[in-house]
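In: 3D model of this:
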Amino acid sequence: PRTDKSRFQLEFDWTGTGDPSAYLSVPAAIQFMGSLLPGGWPELMSRNHQLVLSARQMLCETLGVEIPAPSDLIGSMACIPITDGSADELHDELFDRHQIELQVMPWPKSPHRVIRISAQIYNTFEQYQELAAVLQ
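Out: Residues are numbered from 1 along each chain as shown. Down below sits the predicted model:
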């Protein structure tokens, strides 16, 4: 048995690849994203923040739930509590029947589930309205 590393390191240190392509592409990705809007990264972040806040407000109103966190704690992702059913079933139904990719998580020790929405430049408010219609 090897003793030069902990068992944890022996089991999980190797990531399966030594290809540096992902690391080398990060600067180009950062530059590209910053070039998408005239105001650069600040405008992109502000746009995504405003979109997710608007979507969260609309979804909470549609579902009849209170907004669970103050707006100043939100970046470009937000969680919304929902009830009934299993997280796995809802996730699969959203994807299989409606082609909606959405994180659905159980809320520990509760009948609630949480959906997590996120906003990026390719998202539109209409997509969140479609989600609200499906969740109703």
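In: can you show me the helices along this protein?
Out: Counting by DSSP state H, the chain has helices at residues 7-12, 21-34, 40-63, 87-98, 125-135.
In: for the shortest one, the distance to its chain's centre please.
Out: When C-alpha coordinates are averaged (C-alpha atoms, centre = their mean, to the nearest Å), helix 7-12 and its chain have centres 30 Å apart.
In: let me see the contact set for the residue nearest to the spatial centre of the chain.
Out: Taking C-alpha atoms, centre = their mean, the centroid of the chain lies closest to Ser118, which sits 4.3 Å from it. Ser118 makes contact with Val52, Ser76, Met77, Ala78 under the criterion C-beta atoms under 8 Å, 6 or more residues apart in numbering. In short, each C-beta sits where N, CA and C put it, glycine included.
In: check Ala119 too.
Out: Ala119 is in contact with Arg47, Asn48, His49, Leu51, Val52, Ala55, Ser76, Met77, counting by C-beta under 8 Å, 6+ apart.
In: any idea how far Ser118 is from Gln103?
Out: Counting by C-beta to C-beta, to the nearest Å, the gap from Gln103 to Ser118 is 8 Å.
In: looking at the chain, which helix or strand does the model trust least?
Out: The weakest-scoring helix or strand in the chain, judged by mean pLDDT, DSSP states H and E, is helix 7-12 (a mean of 84).
In: so which bits of that one are buried?
Out: For helix 7-12, the buried set under the neighbour-count rule, 16 or more other C-beta atoms under 10 Å, is empty.
In: ok, residues contacting it?
Out: Outside of helix 7-12, the residues within contact range by C-beta under 8 Å, 6+ apart are Arg2.
In: and if we set it to 10 Å?
Out: For helix 7-12, contacts defined as C-beta atoms under 10 Å, 6 or more residues apart in numbering pick out Pro1, Arg2, Thr3, Asp4, Lys5, Ser6.
In: I am finished for the moment; much appreciated.
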